[in-house]
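**Student:** no sequence on this one, just coordinates:
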Ligand code: KG4
Ligand code: ZN
């Protein structure tokens, strides 16, 4: 069969990224232009600035991706782009650029769900991974426990009822003075602490999550006693949220009799969470993660998800629009 080259575009938040991926799994290039340094000054992503930076960067990032992959536009078979969920202005830049390329080059356009992209990051790192499996998507915007039935059918088993887990990491970090983005900073500091502080854990009858209670508890403890040991606070926060993630994932795995579990999204870069999921291997579970670089937003994951959409007949036309609250279905 002829190789299929996908040009993927990601612009849903504060990373402008373009990648070239062969047959959905082999990354030829994955250029990521991050705006973190700019947004850090404001303590979080400023949507208007993000859109403007995407406009400024997208052509150069695309040229770089083609050059690094050593291909030209002629070699590309499909154009895939994130069309949601995300910041509407930021998404529109990638969607408009992808539509223009698709029209000018006369190549198929594949609108791709950002969350499907995070799931697909696992296909790139784990060449043998095939559905069905469970995927726990933990990122700055999402916390979803999903049954990946095949390459195009997903069933959401549980999701957060309030904050996304990454949001909780970022908020905790901001309040205790670690800066933005908070996840990696909490990860680092927690290694120096002990999980000795009792924090509230949420339980629901179904497989939903909640992180706002624990976030508020950490913030209140810090406000009540600014001398409280921050490393212990971070370690206790990580331990409690990880228990919540593992409890629900195992409940789902047992009821569906699934032994394959994949993590995805920015928070799946967390070393404590990875170590705890690793321990499940002794109970016969297979645990998969994307490479650290593929956990946070990037276009290679979008190209991979776009490829699977394409071979399953899910293509778009030039009426494709950005959908900021796009759901996984
Ligand atoms: O997947 P992502 O790049 O963006 C969304 O689609 O939301 O995830 C970004 C999130 C941020 O909240 C960031 O703090 C978190 O991932 N993150 C981490 C780590 N690295 C990134 N959280 C915990 N530990 C980490 N090592
Ligand atoms: Zn993301």
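**Tutor:** Good, I have the coordinates. The structure presented is a predicted model; accordingly, all values stated were derived computationally and were not measured. Numbering: from 1, shown residues only. Ligands and ions are numbered 1, 2, ... in the order given.
**Student:** dump the residue contacts of the closest residue to residue 34 other than its chain neighbours.
**Tutor:** Computed as Cβ to Cβ, 6 or more residues apart in numbering, the closest residue to residue 34 that is not its neighbour in sequence is residue 15, at 5.1 Å. (C-beta placed from N, C-alpha, C; glycine too.) Listed by Cβ atoms under 8 Å, 6 or more residues apart in numbering, the contact partners of residue 15 are 32-35, 296-298.
**Student:** rerun that using 6 Å as the cut-off
**Tutor:** 32, 34, 297 (Cβ atoms under 6 Å, 6 or more residues apart in numbering).
**Student:** for residue 242, same thing?
**Tutor:** By Cβ under 6 Å, 6+ apart, residue 242 lies in contact with 273, 276.
**Student:** restrict the contacts of residue 15 to contacts with ligand 1.
**Tutor:** The residues of those that also fall near ligand 1, by Cβ under 6 Å from any ligand atom, are residue 297.
**Student:** most neighbours among the contacts of residue 15, please name it.
**Tutor:** Counting neighbours by other Cβ atoms under 10 Å, residue 297 leads those with 28 neighbours.
**Student:** mind pulling up the phi and psi values for the closest residue to it other than its chain neighbours?
**Tutor:** Spatially, and ignoring its direct neighbours in sequence, residue 297 is nearest to residue 15 (4.4 Å; Cβ to Cβ, 6+ apart). Dihedral angles of residue 15 (phi, psi; degrees, to the nearest 10) stand at phi -120, psi 130.
**Student:** residue numbering should commence at 16 henceforth.
**Tutor:** Yep, numbering from 16; the last one is residue 30 now.
**Student:** can you flag which of the contacts of residue 30 belong to strands?
**Tutor:** In this view, the contacts of residue 30 that belong to strands under DSSP state E are 47, 49.
**Student:** dump the residue contacts of the residue most central in space within the chain.
**Tutor:** Central residue of the chain (Cα atoms, centre = their mean): residue 280, 2.8 Å from the mean position. Residues near residue 280 by Cβ under 6 Å, 6+ apart: 133, 152-154.
**Student:** quick one: it from ligand 1, how far?
**Tutor:** In this view, residue 280 and ligand 1 are 4 Å apart by Cβ to the nearest ligand atom, to the nearest Å.
**Student:** cool, residue 230 as well?
**Tutor:** Distance from residue 230 to ligand 1, by Cβ to the nearest ligand atom: 12 Å.
**Student:** gap between the residue in the stretch 66-215 of the chain that ligand 2 sits nearest to and residue 323?
**Tutor:** Scanning the stretch 66-215 of the chain for proximity to ligand 2 using Cβ to the ion identifies residue 154 as nearest, at 4.6 Å. Relative to residue 323, residue 154 is positioned 20 Å away (Cβ to Cβ, to the nearest Å).
**Student:** what of residue 123?
**Tutor:** Distance of residue 123 to residue 323, computed by Cβ to Cβ: 14 Å.
**Student:** between these two, which has more neighbouring residues?
**Tutor:** Taking other Cβ under 10 Å, residue 123 and residue 323 do not tie; residue 323 has more neighbours (23 against 16).
**Student:** which non-adjacent residue is nearest that one?
**Tutor:** residue 166 (4.3 Å).
**Student:** which stretches in the stretch 16-165 of the chain count as strands?
**Tutor:** Taking DSSP state E, counting those that start in this stretch as the test, the strands found in the stretch 16-165 of the chain are 20-25, 30-37, 41-49, 93-99, 124-128, 148-153, 158-163.
**Student:** okay, the ones you listed in TSV with mean pLDDT next?
**Tutor:** Shown next, in TSV, are the strands of the stretch 16-165 of the chain (pLDDT from 0 to 100):
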stretch	mean pLDDT
strand 20-25	98
strand 30-37	96
strand 41-49	95
strand 93-99	98
strand 124-128	98
strand 148-153	98
strand 158-163	98
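**Student:** ok, back up a step: pretty sure the residue of the stretch 66-215 of the chain closest to ligand 2 contacts residue 283?
**Tutor:** No. In this structure, residue 154 is not within contact of residue 283 by Cβ atoms under 6 Å, at 8.1 Å.
**Student:** give me the phi and psi for the residue nearest to residue 323.
**Tutor:** phi -70, psi -10.
**Student:** that one touches residue 321, doesn't it?
**Tutor:** No. Between residue 166 and residue 321 there is no contact under Cβ under 6 Å: 11.6 Å.
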